[in-house]
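A.B. asks: 3D model of this:
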Amino acid sequence: MLYQIFETQRSIMEPFSDLAQAAAKLFSNPLNPMSQTPMAQRTSAGYALMHRLGKDYEKPEFGIRTVKVNRVDVAIHERIEIDKPFCELRRFKRFSDDAATLTQLKAQPAVLIVAPLSGHYATLLRDTVKTMLQDHKVYITDWKNARLVPLSDGEFHLDDYINYVQEFIRHLQSIYGNCHIVSVCQPTVPVMAAVSLMASRGEKTPLTMTMMGGPIDARKSPTSVNNLATNKSFEWFENNVIYRVPANFPGAGRRVYPGFLQYTGFVAMNPDRHATSHYDYFKDLIKGDDASTEAHRKFYDEYNAVLDMDADYYLETIATVFQDFKLVNGTWDVKGVDGKVERVRPQDIKGTALMTVEGELDDISGSGQTRAAQDLCSGVPASERQHLEVPGAGHYGIFSGRRWRDIVYPELVKFILNHAPKSTAKTTVTALPQATEAPKAVVQASEVSAPAKASTPQAAPAAAGKPSAVAKPAAKTAPVAPAKPVMDKPATPAANKPATKAPTKSTAKAAAKPASKSATAPLNKASGKATSSASVKTTWVDPSSKA
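C.D. replies: Below you'll find the model as predicted:
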């Protein structure tokens, strides 16, 4: 019933929103004498804000037309490779008439980006895709709005999500021989399950697996988001947040978790921040600050566009990831497309290098939740595992914005090239415009003691797309037993050859100039002890600090 009430309210507000937009244009048109009155700018700004608060936000487009590769503009053609009932596999194919650039593009590695299905569209990763297109063949999972999927297409379960990911991996392998996979937020868990099952069967697995800001072990460092899933029962979710799609949509009658409820949860996490942002937009309109107002529109056009999730998928994610912790407890069984039930065993992964990324200020997936993947993938050699904590970054900042481009991406592109097949290992990496100003990295490889289990299981549904919190100057430093340092000069994103892999129990330090402040990725804050796996930690040095 709530869904029908919401749709009725939206339908009533739509003409008033359009009227407010017309009034805003009327009072800002210089040809209209009323625009010259003393209060015209404020009146126009007020109507413009009213329009944005009341309008319906549809799915935005990626809108990536060109990218620069070695200072050459490369055209992008977006197309659908595989069309499934609940997901489209999109490819961003690159074209160039420059012979040297075309040769380089053909030699670059293929990357599958698994976008989150947690309320927002895959376009939330637009910056991630655009940046990676400089040095990779990029594919992305574009999840469909469940209210647009007819009942005749069947249900969608968490197991189906995993089967989709495996199908997409095999598709890329059939074209390129192998691929790399990057998961952001929610999909880190099903992606690990997909790769684990492929490894257990003896199938070829991706060359690398990068996990960014996801709830691998949602018991660690619980945030304010975690309390919902732990304090409410499974039955509460089923009875209070699941509704049927109204009759005016193709998926009429389908049980879903509505996107407007997820959006309400997003805003409720930081209501003051959003209120301030809208007030600043109002003031910028009065001042005529076009750059700031356009930035506000672009952000909220993306942030306010939400999708419905199939009820079975949503409820199973709540139970599996945030209440029963089946992945870390080793009790997760997945049903394949052939009907066979298999146990998820991350320890069976051996030929896939692992990189985990966390934001220091992430208030959705707390510190240590993603890094837990390092412990689970015990079959991956320590030299093939790397962890990066980004100082001052919130959840959104690790895959979009300045910190993504200056800190995360340079490390990610080196990690992928380090594990590329010989045929693509010497591919030239496109130099980033920020490369000369990016923070310098100190990469350490060390073996640490076994972890202590988290005392109190706490978790909550993960979500992507919150704006980053205000940055702190540096990340917290966790005590570890340092290995004997070995100096080496690692590759940069503009290098022609990949960086040398850091050997176990060694330290490789790269810094273009001296620095005095550093930030080391913290260990498990929930337990106060070191994590178990022998992993690679990346420590960032602030380039602005004086020697």
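
A.B. asks: C-alpha only now, for contacts and for neighbours.
C.D. replies: OK.

A.B. asks: buried residues, stretch 378-393. List them.
C.D. replies: 378, 380-393 (16 or more other Cα atoms under 10 Å).

A.B. asks: any stretches of the stretch 301-450 of the chain with poor pLDDT?
C.D. replies: 422-450 (pLDDT under 70).

A.B. asks: please tell me I have it right and Y139 contacts I113.
C.D. replies: Yes. Judged on Cα atoms under 8 Å, Y139 makes contact with I113 at a distance of 6.0 Å.

A.B. asks: have a look at the protein and report its longest strand.
C.D. replies: Identified as the longest strand of the chain according to DSSP state E is strand 72-83.

A.B. asks: quick one: the strands in the stretch 301-450 of the chain?
C.D. replies: Listed in chain order, the strands of the stretch 301-450 of the chain (DSSP state E, counting those that start in this stretch) span 309-310, 333-335, 341-343, 353-359, 385-390, 440-446.

A.B. asks: ok so, going back, so for the longest strand of the chain, what gets flagged as buried?
C.D. replies: Quick answer for strand 72-83 (16+ other Cα under 10 Å): 73-76, 78.

A.B. asks: closest one of the residues you listed to I216?
C.D. replies: Closest approach to I216 among the buried residues of strand 72-83 (Cα to Cα): E78, at 31.2 Å.

A.B. asks: beta partners of the closest one?
C.D. replies: F92 (DSSP bridges).

A.B. asks: and what of M209?
C.D. replies: Beta-bridge partners, per DSSP bridges, of M209: I181, L354.

A.B. asks: ends of stretch 25-36, how far apart?
C.D. replies: The separation between the terminal residues of stretch 25-36, taken as Cα to Cα, to the nearest Å, is 13 Å.

A.B. asks: and for stretch 304-322?
C.D. replies: End-to-end distance (Cα to Cα), stretch 304-322: 25 Å.

A.B. asks: you'd agree A45 is up against A24?
C.D. replies: Yes. Using Cα under 8 Å, A45 is in contact with A24, at 6.6 Å.

A.B. asks: among the strands of the stretch 301-450 of the chain, which comes closest to P109?
C.D. replies: Closest to P109 of these, according to Cα to Cα: strand 353-359, at 14.8 Å.

A.B. asks: ok, residues contacting the closest one?
C.D. replies: 207-213, 367-368, 370-371, 373-374, 380, 384-395, 397-398, 408, 415, 419 (Cα atoms under 8 Å, 6 or more residues apart in numbering).

A.B. asks: so what does the helix or strand hosting A23 touch, helix or strand wise?
C.D. replies: Using DSSP states H and E, A23 maps to helix 2-28. In terms of contacts (3 or more Cα pairs under 8 Å, 6 or more residues apart in numbering; DSSP states H and E), helix 2-28 is packed against helix 40-54, strand 243-244.

A.B. asks: which of the ones you listed sits closest to I5?
C.D. replies: Here strand 243-244 is closest among these (Cα to Cα), at 11.4 Å.

A.B. asks: direction included, what does the following helix or strand past that closest one pair up with?
C.D. replies: Per DSSP H and E, the first helix or strand lying C-terminal to strand 243-244 is strand 255-257. Note on strand 255-257: by DSSP bridges, its sheet partners are strand 243-244 (antiparallel), strand 309-310 (antiparallel).

A.B. asks: using PDB, write out the CA atom coordinates for stretch 260-268.
C.D. replies: Extracted C-alpha coordinates of stretch 260-268, given in PDB (Å, rounded to 0.1, in the frame of the first residue of the first chain):
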ATOM      1  CA  PHE A 260      12.500   5.400  -2.500                       C
ATOM      2  CA  LEU A 261      12.900   3.600   0.800                       C
ATOM      3  CA  GLN A 262      16.600   3.100   0.100                       C
ATOM      4  CA  TYR A 263      16.900   6.700  -0.900                       C
ATOM      5  CA  THR A 264      15.200   7.800   2.400                       C
ATOM      6  CA  GLY A 265      17.800   5.800   4.300                       C
ATOM      7  CA  PHE A 266      20.700   7.400   2.400                       C
ATOM      8  CA  VAL A 267      19.400  10.900   3.200                       C
ATOM      9  CA  ALA A 268      18.600  10.000   6.800                       C
END
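
A.B. asks: buried sites along that stretch?
C.D. replies: Buried residues in stretch 260-268 (16+ other Cα under 10 Å): 260, 262-263, 266-267.

A.B. asks: include pLDDT when you put those residues into a markdown table, please.
C.D. replies: Putting those into a markdown table (pLDDT from 0 to 100) gives the following:
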| residue | pLDDT |
| --- | --- |
| F260 | 93 |
| Q262 | 89 |
| Y263 | 91 |
| F266 | 83 |
| V267 | 90 |
